[in-house]
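# I need the structure of the sequence given here:
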Amino acid sequence: MRLAHPAQEPPAPNAELAEALTGLSRQNSVYRRTIAVCDQLADTALKGVDPDELTRVFAELVGKRIVLLDPAFRSRAHSGGDGELPDLKWDRGDPSVDRLLTALRAQRRPLRVPSVPGSLAQGCLVTPIVIGEDTLGYLLVLEEDGDSQPDDVDLLTATYAATLFALTLAHERTSTELGLRYLRTIVDALVSGHFLDAQDAREKARTLGLADSAGYRICVVRRQGPPPLGSRDHDVDALLACLDTRLSGAKATVREFGVVAIVPDLRVGSAAATDPGRLSFAQGWREIWHDLSLDSTWTCGLSESLDRAELAPLGFGQAEQAVELGLRLGRGGQLIDYRELGIYRLLLRIADLGELWRFADEVLGPLISYDAVHGGVLVTTLAVYLRNQSSPKQTARALRVHPNTVAYRAQRIEKITGLDLTDADDRLLAQVALTIVAWRADQTSST
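Coordinates of the predicted model:
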């Protein structure tokens, strides 16, 4: 007789298996949510939107405040969240902030950043936007009050979004570079005289943002010696950045020797010139030159103010002359305005400098020799006399002597040199000779 066995219950589910199934279900949910967000964000990016619009769409999809930073950690765009965007202060003097920014640059991966009192008002997830070795910016997902810490969805979507932002920013940068290259071609064409006629020149100038009636100047910044080999020219980069941010409307091109720029010459009384936020041309260039602190191998030449686009080649020639004459005058490393060169603009066109020295010696040689032998000051007296419109009283006041002394010295000068100081032509000869003597003295002292 067989005994009936009691009915057996099926074995209890394996706890480990149940946990694994739960985990898979959770992961599938994460992936579905992530893919939904990423697909919609990718569709938006493929439409060719700009980074600002992509930021807005990303904020809508994740329901959080999104901030796009540039490579220097400056806010470029933001969207989502409630209320105004809190200040994002990256105080490198704060050790916590300094460590954070250093880690972001070094690790190039998403990092959760807690709030830092006094520097960062709220916590956030920071994801670098990277292409190759270049960091194009940073994507921030800010935590609102009551938010939990970033989960897997936040990390995955932020990482994927950073890739789409990288493509968008790279496209924008390429477009910007192409635009800059085109503008530099226009600058090259204008200063080189590569235009059909005055109308063609004016159309090219309008492309650069120059109005037909606007005055402008040409600037040449030239380096003595070859550029650095095998590396970026950081001096040129710094100069171009200054032009872009400090002189409104400046358009520049890069040549082998340095930089050529066309810059609007803001006139006194114009709306632009009276705007306290903008600099006049002369102010702007002198401040830029001072702030750049370029070494003495760099010399800057400025042309006269020009009022027609077709005069750009003339301005380019003047700016180059200013550099060349400045170097010949021993003023390398300085900013030289063509307008301030005065008679040097004529004198230094003479290729044979010996001819200039001979002319000065013919006019003033005897006077220079007399002063050297007798310890006199007749050359100085002559220079002050001419500078004061041949007035004995003004000359006496400048030299702190009696007018009779000036009259006596003037007679001695005329007797030694043979010049007639009452004759305009002789005074001109004396003034030119004094200029050459002063230049020769500068040349000697600079060497």
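# quick one: residue 410 and residue 388 touch, right?
No - judged on Cβ atoms under 8 Å, residue 410 makes no contact with residue 388 at a distance of 11.9 Å. C-beta here means a position set from N, CA and C on the backbone, and glycine is covered the same way.
# And these two? Which one has more around it.
Using other Cβ atoms under 10 Å as the criterion, residue 410 and residue 388 rank with residue 410 on top: 20 against 17.
# and residue 422, helix, strand or coil?
At residue 422, secondary structure determined by DSSP: H, G, I helix; E, B strand; the rest coil is coil.
# Which element, helix or strand, includes the closest residue to it other than its chain neighbours?
Counting by Cβ to Cβ, 6 or more residues apart in numbering, residue 422 lies nearest to residue 390, which is 7.9 Å off, once chain neighbours are set aside. Residue 390 is part of no helix or strand, with elements assigned from DSSP states H and E.
# Now do the contacts for residue 390.
Contacts here follow Cβ atoms under 8 Å, 6 or more residues apart in numbering; on that basis residue 390 touches 421-422, 427.
# where along the chain do the strands fall?
Ranges of strands within the chain are 65-69, 75-79, 111-113, 124-131, 134-142, 216-223, 251-255, 258-264, 298-302, 335-337, based on DSSP state E.
# So which of the ones you listed is nearest residue 166?
strand 124-131 (4.9 Å; Cβ to Cβ).
# What helices and strands are in contact with the closest one?
helix 95-107, strand 111-113, strand 134-142, helix 152-192 (3 or more Cβ pairs under 8 Å, 6 or more residues apart in numbering; DSSP states H and E).
# Turn these into JSON lines, including distance to residue 376 and mean pLDDT.
Output for the helices and strands packed on strand 124-131, formatted as JSON lines (distance: least, Cβ to Cβ, whole Å; pLDDT from 0 to 100):
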{"stretch": "helix 95-107", "distance to residue 376": "67", "mean pLDDT": "77"}
{"stretch": "strand 111-113", "distance to residue 376": "78", "mean pLDDT": "82"}
{"stretch": "strand 134-142", "distance to residue 376": "69", "mean pLDDT": "88"}
{"stretch": "helix 152-192", "distance to residue 376": "50", "mean pLDDT": "87"}
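# Please identify the deepest-packed of those.
Among these, strand 134-142 has the highest mean neighbour count (mean count of other Cβ atoms under 10 Å), at a mean of 22.
# If you count contacts, what does that one end up packed against?
Against strand 134-142 (3+ Cβ pairs under 8 Å, 6+ apart) you get strand 65-69, strand 124-131, helix 152-192.
# Adding distance to residue 405, write those out as CSV.
CSV is the format used below for the helices and strands packed on strand 134-142 (distance: least, Cβ to Cβ, whole Å):
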stretch, distance to residue 405
strand 65-69, 73
strand 124-131, 78
helix 152-192, 54
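# nearest to residue 437, of those?
Nearest of the helices and strands packed on strand 134-142 (Cβ to Cβ): helix 152-192, 35.7 Å.
# could you say what helices and strands the closest one packs with?
So helix 152-192, by 3+ Cβ pairs under 8 Å, 6+ apart, packs with helix 15-46, helix 51-62, strand 124-131, strand 134-142, helix 198-207, strand 251-255, strand 258-264, helix 312-328.
# what residues does the fifth one touch?
I take that to be helix 198-207. Contacts for helix 198-207 (Cβ under 8 Å, 6+ apart): 183, 186, 189-190, 195, 212, 308-310, 312.
# Looking at those, which is nearest residue 99?
Distances from residue 99 to those, taken by Cβ to Cβ, are shortest for residue 183, at 40.8 Å.
# Around the closest residue in space to the closest one that isn't next to it in sequence, count how many other residues there are.
Of all residues not flanking residue 183 in the chain, residue 251 sits nearest, at 5.5 Å (Cβ to Cβ, 6+ apart). Applying other Cβ under 10 Å, we find 24 residues neighbouring residue 251.
# In contact with residue 251, which residues?
Counting by Cβ under 8 Å, 6+ apart, residue 251 has contacts 183-184, 186-187, 208-209, 261-263.
# For it, name its beta-bridge partners.
residue 262 (DSSP bridges).
# Return the distance of it relative to residue 59.
Counting by Cβ to Cβ, to the nearest Å, the separation of residue 251 from residue 59 is 36 Å.
# Quick check, residue 288 in contact with residue 250.
No - contact criterion Cβ under 8 Å: residue 288 and residue 250 do not qualify, at 9.8 Å.
# so who does residue 142 touch?
Residues in contact with residue 142 (Cβ under 8 Å, 6+ apart) are 64-67, 81, 122-124.
# Quick check, residue 105 in contact with residue 135.
Yes - Residue 105 is within contact range of residue 135, at 7.0 Å (criterion: Cβ under 8 Å).
# tally of neighbours for residue 143?
Residues near residue 143, counting by other Cβ under 10 Å: 22.
# hang on, the earlier thing: and the helices and strands packed on strand 124-131 as CSV, adding distance to residue 47?
Listed next are these as CSV, based on distance: least, Cβ to Cβ, whole Å:
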stretch, distance to residue 47
helix 95-107, 30
strand 111-113, 30
strand 134-142, 19
helix 152-192, 10
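# which one of the contacts of residue 390 sits closest to residue 335?
Looking across those and measuring by Cβ to Cβ, the closest to residue 335 is residue 427, at 31.5 Å.
# hang on, the earlier thing: what's the closest of the helices and strands packed on strand 124-131 to residue 217?
Closest among these, using Cβ to Cβ: helix 152-192, at 11.5 Å.
# mind showing which ranges of the stretch 151-300 of the chain have poor pLDDT?
Residues of the stretch 151-300 of the chain that meet the criterion pLDDT under 70 lie in 151-152, 227-232, 266-284.
# and the nearest residue to residue 436 once chain neighbours are set aside, what does it touch?
Distances taken as Cβ to Cβ, 6+ apart place residue 360 nearest to residue 436, at 4.0 Å, with adjacent residues excluded. With contact set as Cβ under 8 Å, 6+ apart, residue 360 has these partners: 433, 436-437, 440.
# Neighbour-wise, which one of those residues leads?
residue 433 (24 neighbours).
# Does that one touch residue 363 like I think?
Yes - counting by Cβ under 8 Å, residue 363 is a contact partner of residue 433 at 3.7 Å.
# Please enumerate the shared neighbours of the two.
With Cβ under 8 Å, 6+ apart as the test, residue 433 and residue 363 reach no residue in common.
# Next up, the contacts around residue 344.
325, 329, 435, 439.
# quick revisit: shared neighbours of residue 288 and residue 250, which are they?
residue 243.
# For the contacts of residue 344, give me TSV that also has pLDDT and distance to residue 300.
Conversion of the contacts of residue 344 to TSV gives the following (pLDDT from 0 to 100; distance: Cβ to Cβ, whole Å):
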residue	pLDDT	distance to residue 300
325	81	13
329	71	14
435	83	23
439	73	20
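# Distance check, residue 422 against residue 413.
From residue 422 across to residue 413, the span is 12 Å (Cβ to Cβ).
# Mind checking which of those two has more residues around it?
The neighbour comparison of residue 422 against residue 413 (other Cβ under 10 Å) goes to residue 413, with 22 against 10.
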